[in-house]
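> A structural model of the following input is requested.
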Amino acid sequence: MNLLSIRIITADMERLVAFYKQITGLQIVQYTPDFAELKTPTTTFAIGSTKTLQFFGGEDVAQPAQNRTVIIEFKVDDVDKEFQRLSDYLQENIVQKPTMMPWGNKSFLFRDPDGNLVNFFTPATPEAIAKFSEK
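Modelled structure (predicted):
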């Protein structure tokens with residue numbers, strides 16, 4: 001088994017697509033007004049509008065802007081540099097400034113416009129660096 005994609009549902013595609021373009025600096029392909037993908041070497045991050053829920057059984061299947069359990073994580077080369085680049089843009093959406101985690105990553109946590117938690121992290125200890133160099 002291989003995890004290939006994570007999708008979030010939003011009521012505001014334009015706002016969320018623009019946000020993820022800004023924070024990642026990566027290209028997002030918007031296939032339709034209701035579906036977009038950001039591809040990385042290991043995973044696809046998809047954004048779907050509430051209109052796409054009709055294909056999965058209706059609007060009761062998922063509720064946009066209701067996540068309080070999942071953290072969307074991106075490994076970055078330099079978390080401090082990303083914090084400096086984004087701190088003005090994110091302003092009041094910053095949850096935690098770059099902080100060393102007990103498991104060896106330096107982490108910068110913030111919320112996207114729908115309230116989803118996003119973590120930019122950089123492996124910092126020799127163990128964490130080794131763990132991620134294998135992927």
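> Could you check how far the residue lying closest to residue 12 once chain neighbours are set aside is from residue 63?
In this structure, residue 12 finds its nearest non-sequential neighbour in residue 113, 7.1 Å apart by C-beta to C-beta, 6 or more residues apart in numbering. In this view, the C-beta of every residue, glycine as well, is placed from N, C-alpha and C. Applying C-beta to C-beta, to the nearest Å, the value for residue 113 to residue 63 is 16 Å.
> quick one: the helices in the chain?
Secondary structure of the chain (DSSP state H): helices located at 13-24, 79-90, 126-133.
> Would you mind finding the most buried of those?
Across the helices of the chain, averaging neighbours per residue (mean count of other C-beta atoms under 10 Å) puts helix 13-24 on top, at a mean of 17.
> how far off helix 79-90 does it point, in degrees?
Orientation check (axes from the mean of the first three to the mean of the last three C-alpha atoms, to 10 degrees): helix 13-24 against helix 79-90 gives 150 degrees.
> Who are the packing partners of helix 13-24?
Helix 13-24 sits against strand 28-32, strand 35-39, strand 44-49, helix 79-90, with contacts defined as 3 or more C-beta pairs under 8 Å, 6 or more residues apart in numbering; DSSP states H and E.
> contacting residues around the closest residue to residue 52 other than its chain neighbours?
Leaving aside its sequence neighbours, residue 52 sits nearest to residue 34 (C-beta to C-beta, 6+ apart; 5.3 Å). Residue 34 makes contact with 13, 48-49, 51-52, according to C-beta atoms under 8 Å, 6 or more residues apart in numbering.
> switch to 6 Å and redo it
Contacts here follow C-beta atoms under 6 Å, 6 or more residues apart in numbering; on that basis residue 34 touches 49, 51-52.
> Any stretches of the chain with poor pLDDT?
The model of the chain has pLDDT under 70 over residues 134-135.
> The residue nearest to residue 12 and residue 19 touch, don't they?
Yes. Using C-beta atoms under 6 Å, residue 113 is in contact with residue 19, at 5.4 Å.
> now residue 36: how far from residue 88?
When distance is defined by C-beta to C-beta, residue 36 is 25 Å away from residue 88.
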